[in-house]
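1. Below are the sequence and a predicted model; questions follow.
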Amino acid sequence: MVGSGGFVKLAEFGDFGGMLEEVVRYLPAIIPLAVVQLGLMAAALVHAVRHPKYRFGNMVVWIIVIIAVNVIGPIVYFVLGRGEDADADEGEGEDKV
């Protein structure tokens, strides 16, 4: 399993050509999902940093959740962690023209 110099022989782990073909085959589905995931994570990070109010926890906790839990982390932040926006509280009861 380990060749000369301590390097692992890659041929012993199977057919990498077949694995590469599978990745290329699913690439059209993976790329849009990756773009959505990165966009959702970026939006959640920007919101978490700019808004100081949270329903549960603090900014550090939510940043860790957003980054570490990938797709589910930003969704959990927007559903559970995001506090009330200050702009929404100021305009209640007033008619805006």
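-> Thanks, I have it.
2. Could you double-check that residue 55 sits in contact with residue 82?
-> Yes: contact criterion CB atoms under 8 Å: residue 55 and residue 82 qualify, at 7.1 Å. In this view, the C-beta of every residue, glycine as well, is placed from N, C-alpha and C.
3. quick one, which of these two is more surrounded?
-> residue 82 (17 against 10; other CB atoms under 10 Å).
4. Beta-bridge partners for the more buried one, please?
-> residue 54 (DSSP bridges).
5. check contacts around it.
-> Residues in contact with residue 82, defined by CB atoms under 8 Å, 6 or more residues apart in numbering, are 47, 51, 54-55.
6. now do residue 55
-> 80-83.
7. phi, psi of it?
-> When quoted as degrees, to the nearest 10, the phi and psi of residue 55 stand at phi -70, psi -40.
8. Now list the buried members of the contacts of residue 55.
-> Buried members of the contacts of residue 55, scored by 16 or more other CB atoms under 10 Å, are 81-82.
9. I'd like the contacts of residue 55 laid out as TSV, including distance to residue 68.
-> Shown next, in TSV, are the contacts of residue 55 (distance: CB to CB, whole Å):
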residue	distance to residue 68
80	15
81	14
82	18
83	21
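10. Can you tell me which of the contacts of residue 55 is nearest residue 73?
-> Lowest distance from residue 73 to the contacts of residue 55 (CB to CB) belongs to residue 81, with 9.7 Å.
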